[in-house]
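A.B. asks: Predicted model, plus sequence, below.
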Amino acid sequence: MAAKLIADAWCAAFVQLKTGATTSGQGITHATVRTLSETPEAVPDTVVTQVNSLARQYRFFHWHLEFPGIFTVPDDGTADASTGWTGGFSCVVGNPPWERVKIQDKEFFGNAGRPDIEGAATASIRKKMIEQLTDTDPDLYRAYLAALRQSDGTAHLLLKSGRYPFTGQGDVNTYSVFAETMRTVTGPQGAAGIITPTGLATDKTTAPFFADTLSNQRLYAFYDFDNEAKIFRDIDHKNRFAVTTMTGTHRTIQRTRFAFLNRYISDVPEKRFQLAAKEVLALNPNTGTLPMFRSRKDADITLSIYSRHPVLIRDDDPDGNPWGLSFARLFDMANDSDLFNTADDLADAKFNGWSYTRGNKEYVPLYEAKMLSHFDHRFSTYRGATQAQLNVRALPRLSDEQHNDPRQEPLARYWVDRSQLATKLENRWGNKWLLGWRDVTKAEQMRTLIPSVLPATAIGHVFPVAYPRDEESALQLHALWSSLILDYVARQKFSGLHMTYSILNQVACPLPSVFADPAPWNARDALADWTRPYVLELSYTSYRLRPYAEDLGDDGPPFQWDSDRRALLRADLDAGFLHIYGLDRDESEHVLDSFFVVRKYDERDFGEYRTKRLVLEAYDRMAEAIANGGKGWKPLADPPAGHGPRHHQ
């Protein structure tokens, strides 16, 4: 009992409420733990009572005390430095809870029978409704505060105690700390198997744990599954999970077994392949997270790409950001919601079809990620949106006819005072347009990396913006990020729903100097000069993007929207970057075949996989010109890019 009290006191020091008020009790410190060890009778009964109370509340568990036959605490200095014990289990198996430690207000009040608070339109409205509970439902408010305190205490122990050096960081999910615990209690010759979200290997917060397991050769196998077969019936079918096997400290693994995107257990043997730790770590050098390969061939193609091109940004290299990139999120859809104005709020203002003006103030539209797509800042609109569409977070798309009206712009849901936008961009970006990408996406969608250029306006946080060194760099990155090959590279790293900074930073990206060199298939033009007219014609289809066109050196009216011609232009771009990335024809065909959803919709709309046919045709034309010393190349589109039909002034 004495040993348990000492261990409980150590844990209690982290979870105890620390307000300075007498109601929080006498502070439990290192001195308290030492006194309990040496002269326990000197510790006040009130402190002992407080420790016992916190131990019951937080259910402290001490492995070396609960299993003294498994864990030994030696006095001769031979214990593991991180745990203080020797020993461990031969086999540890578990499917721990997958829950965030931090209280989620929507979930809490949904479970409490308050759908009105759960479904509040914005976070600021929800916060006000919660504050009103002090008068309208004080019992629920007290329960909410108690849950917050429990959550805060648990988080403090996980983040600050040092007990979880690899997973005790960020917005902790319980599955990750269970994984670290299971590895910790595994004996030197033992093994641990755990079922978790696939994010254990791919998320930024769990990256240190996964990288440590992999680099110390303790990862025996990692098998990733989708949930389309509803193996877990209560989990959304879009969520991916994984079975991970880790070994003890004395069982080293030279090559780890991997299998990705399994649907059934029976899929694993066919999809399984092996990779060495150094191969995995070369692909995500900043985080050490796991790339997601469907096959060994995908691994080989990706590894060869990374042998030729560095990552976009290398964290530990002073010269590791050759594009001079920085990133930002402009307006948080929850935290900044008090800045948002609806059309009703602006009913007395003048509307020009895009923004509102009231007096000397302009209110610019707040673009949301779903309104933007590749070379298209007018992808979808709130104009004409039905409630059924809004319920599933979808919007009507602009038709080709609407796209071909250069004055047609999407209708937003909210508008923001332009001065708020100016504050966000101050000293960071002075151009009248922005480059960014969709944060929310999936590897199983038609495309995974979805960048766009749009007029300088307010943007929700799920469309992060990039600030390149200059306009020329932005042009080149816009073209590159829009390519199928970079999408292919990005989706090898992707398992969740977010195209995070850390994923984008670690895609293989040609250096800026590559764009200064002649295009291999067209030796008379630098790659940058070859790329520019493609990006210009594909992007500049409305007057709102005239500033972008002017920065690219164009002073004409917008280009007409011709879907068939645009397909030819994009095929040339995609084929060009396949060559820049060094893929042969067989590898290029494999990459194109990996876009299953693109194929499905092409076959529905055109009766064939048109994208593949056009890209390979363009690839072959370029290959022939490359073999001819960069001479004789002919583009797919006639007239060539940058010379397509325009609207009249």
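C.D. replies: Structure's in. What do you need? Numbers count the residues shown, from 1 in each chain.

A.B. asks: Pull out the buried positions in stretch 235-254.
C.D. replies: Within stretch 235-254, the residues that count as buried by 16 or more other CB atoms under 10 Å are 239-249, 251, 253. For the C-beta atoms, the positions are set from N, CA and C on the backbone; glycine is no exception.

A.B. asks: Just flag the most distant two among those residues.
C.D. replies: Asn239 and Thr249 (31.9 Å; CB to CB).

A.B. asks: so of the buried residues of stretch 235-254, which ones are in strands?
C.D. replies: Secondary structure defined by DSSP state E assigns Phe241, Ala242, Val243, Thr244, Thr245, Met246, Thr247 of these to strands.

A.B. asks: and Gln150, how far is that from Leu5?
C.D. replies: As for Gln150, its distance to Leu5 is 22 Å (criterion: CB to CB, to the nearest Å).

A.B. asks: now do Gln560
C.D. replies: 79 Å.

A.B. asks: Compare the two and say which one has the larger neighbour count.
C.D. replies: Leu5 (19 against 15; other CB atoms under 10 Å).

A.B. asks: one step back: from the ones in strands among the buried residues of stretch 235-254, which single one is nearest Gln402?
C.D. replies: Relative to Gln402, the closest of those is Phe241; by CB to CB it sits at 41.3 Å.

A.B. asks: Any idea what that closest one is bridged to?
C.D. replies: Going by DSSP bridges, Phe241 is paired in beta bridges with Pro197, Phe225.

A.B. asks: mind listing what it touches?
C.D. replies: The neighbours of Phe241, taking CB atoms under 8 Å, 6 or more residues apart in numbering as the test, are Ile195, Thr196, Pro197, Thr198, Asp224, Phe225, Asn227, Ile231, Phe232, Ile235.

A.B. asks: Quick check: ChimeraX command selecting the buried ones in those residues.
C.D. replies: Buried members of the contacts of Phe241, defined by 16+ other CB under 10 Å, are picked up in ChimeraX with:
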select :195,196,197,198,224,225,227
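
A.B. asks: Using a markdown table, lay out the contacts of Phe241 together with distance to Phe67 and pLDDT.
C.D. replies: Shown next, in a markdown table, are these (distance: CB to CB, whole Å; pLDDT from 0 to 100):
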| residue | distance to Phe67 | pLDDT |
| --- | --- | --- |
| Ile195 | 23 | 98 |
| Thr196 | 23 | 97 |
| Pro197 | 28 | 94 |
| Thr198 | 31 | 93 |
| Asp224 | 32 | 95 |
| Phe225 | 32 | 94 |
| Asn227 | 34 | 91 |
| Ile231 | 31 | 90 |
| Phe232 | 30 | 91 |
| Ile235 | 31 | 88 |
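
A.B. asks: Let me have the contacts of Phe241 in a markdown table, extended by distance to Glu603.
C.D. replies: Formatted as a markdown table, the contacts of Phe241 follow (distance: CB to CB, whole Å):
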| residue | distance to Glu603 |
| --- | --- |
| Ile195 | 36 |
| Thr196 | 36 |
| Pro197 | 33 |
| Thr198 | 29 |
| Asp224 | 27 |
| Phe225 | 27 |
| Asn227 | 26 |
| Ile231 | 30 |
| Phe232 | 32 |
| Ile235 | 31 |
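
A.B. asks: Now for Arg570: which residues touch it?
C.D. replies: Contacts for Arg570 (CB under 8 Å, 6+ apart) come out as His374, Phe375, Ser482, Leu538.

A.B. asks: Sticking with it, tell me its helix or strand.
C.D. replies: In this assignment (DSSP states H and E), Arg570 forms part of helix 563-580.

A.B. asks: Enumerate the positions of that helix that are buried.
C.D. replies: Buried residues in helix 563-580 (16+ other CB under 10 Å): 565-580.

A.B. asks: That one - what's its average pLDDT?
C.D. replies: The average pLDDT for helix 563-580 rounds to 99.

A.B. asks: Let me know the average pLDDT across the helix or strand following it.
C.D. replies: Note on helix 563-580: by DSSP H and E, the next helix or strand toward the C-terminus is helix 585-593. Averaged over helix 585-593, pLDDT sits at 98.

A.B. asks: Give the buried residues for helix 585-593.
C.D. replies: Those buried within helix 585-593 under the rule 16+ other CB under 10 Å are Glu587, Ser588, Glu589, His590, Val591, Leu592.

A.B. asks: angle of it against helix 563-580?
C.D. replies: If you take axes from the mean of the first three to the mean of the last three CA atoms, to 10 degrees, helix 585-593 sits at 130 degrees to helix 563-580.

A.B. asks: so what does helix 585-593 touch, helix or strand wise?
C.D. replies: Based on contacts counted as 3 or more CB pairs under 8 Å, 6 or more residues apart in numbering; DSSP states H and E, the elements that helix 585-593 packs against are helix 296-308, helix 484-491, helix 563-580, helix 610-627.

A.B. asks: Can you check what angle separates the helix or strand just after that helix from helix 585-593?
C.D. replies: Where DSSP H and E defines the elements, the next helix or strand beyond helix 585-593 is helix 596-606. Interaxial angle, helix 596-606 versus helix 585-593 (the same axes, to 10 degrees): 80 degrees.

A.B. asks: returning to that earlier point: tell me which of the buried residues of helix 585-593 is nearest to Tyr382?
C.D. replies: Tyr382 lies nearest to Leu592 out of those, by CB to CB, at 34.3 Å.

A.B. asks: ok, and the closest non-adjacent residue to the closest one?
C.D. replies: Among residues not flanking Leu592 along the chain, Lys612 sits closest, at 4.4 Å (CB to CB, 6 or more residues apart in numbering).

A.B. asks: which ones are touching that neighbour?
C.D. replies: Neighbour list for Lys612: Glu589, Leu592, Asp593, Arg599, Asp602 [criterion: CB under 8 Å, 6+ apart].

A.B. asks: likewise Asp376?
C.D. replies: Going by CB under 8 Å, 6+ apart, Asp376 touches His403, Ser452, Thr541.

A.B. asks: now do 10 Å
C.D. replies: By CB atoms under 10 Å, 6 or more residues apart in numbering, the contact set of Asp376 is 397-398, 403, 450, 452-454, 538-539, 541-542, 561, 566.

A.B. asks: What values do phi and psi take at it?
C.D. replies: Per-residue torsions, Asp376: phi -150, psi 100 (degrees, to the nearest 10).

A.B. asks: How about Ala466?
C.D. replies: Main-chain dihedrals, Ala466, degrees, to the nearest 10: phi -110, psi 140.

A.B. asks: Can you report how many residues lie near it?
C.D. replies: By other CB under 10 Å, the residues close to Ala466 number 22.

A.B. asks: Could I get the contacting residues of it?
C.D. replies: Counting by CB under 10 Å, 6+ apart, Ala466 has contacts 323, 325-328, 429, 434-437, 451, 473-474, 477-478, 481, 501, 504.

A.B. asks: Now, of these, which are buried?
C.D. replies: By neighbour count, with 16+ other CB under 10 Å, the contacts of Ala466 hold 323, 325, 328, 429, 434-437, 451, 473-474, 477-478, 481, 501, 504 as buried.
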